[in-house]
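# 3D, please:
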Amino acid sequence: KLAKEVDTALEQGRCSEAIAALSLRMGTIKTAMRELSRIAAGGDILVRRAEGKSPKFNFNDGTFEYKPIAQLPEDLFAALNRATGQCKAKDLPKVAGEWEAAKKMYQDWIELLAEQ
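Residues are numbered from 1 along each chain as shown. Presented below is the predicted three-dimensional model:
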């Protein structure tokens, strides 16, 4: 239902309605996706240097490396955040591009979950 609402709003050039639909539901969706990712990853979403050892950390950007099942949702959320920013800038083509990328990431995540 959410995808249909956003697709319809973007097709009709109503960027703010698309972002409103996403904003309304993303709190619940984020929590559920993160929890499912954690379960699918066996409870540990971080890539480790060796079994049971310290997690890999990128000192250049200050982030931990997540397992793919946990990274995909975070990338999806980042794409939706960029879409929100582009909406505020009234750049509908970029919003639509970020939305399409987010939908692809969601499908990739669903496929990855099915493999677990």
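
# name the helices or strands packed onto the lengthiest helix in the chain?
Longest helix of the chain, by residue count under DSSP state H: helix 15-40. Here helix 15-40 touches helix 2-11, helix 68-88, helix 92-115, going by 3 or more CB pairs under 8 Å, 6 or more residues apart in numbering; DSSP states H and E. (Each C-beta comes from the backbone N, C-alpha and C, glycine too.)

# quick one: buried residues of that helix?
Going by neighbour count (16 or more other CB atoms under 10 Å), the buried part of helix 15-40 is 15, 17-19, 21-22, 26, 29, 33, 36-37, 40.

# what mean pLDDT does stretch 10-25 get?
The pLDDT scores in stretch 10-25 average 89.

# residues contacting that stretch, please?
Contact partners of stretch 10-25, identified using CB atoms under 8 Å, 6 or more residues apart in numbering, comprise 2, 5-6, 9, 80, 83-84, 87, 90, 92, 95-96, 99.

# ok, then the element right after the longest helix of the chain?
strand 57-58 (DSSP states H and E).

# helices or strands up against that following strand?
strand 63-64.

# who does the strand it packs on pair up with?
strand 57-58 (antiparallel) (DSSP bridges).
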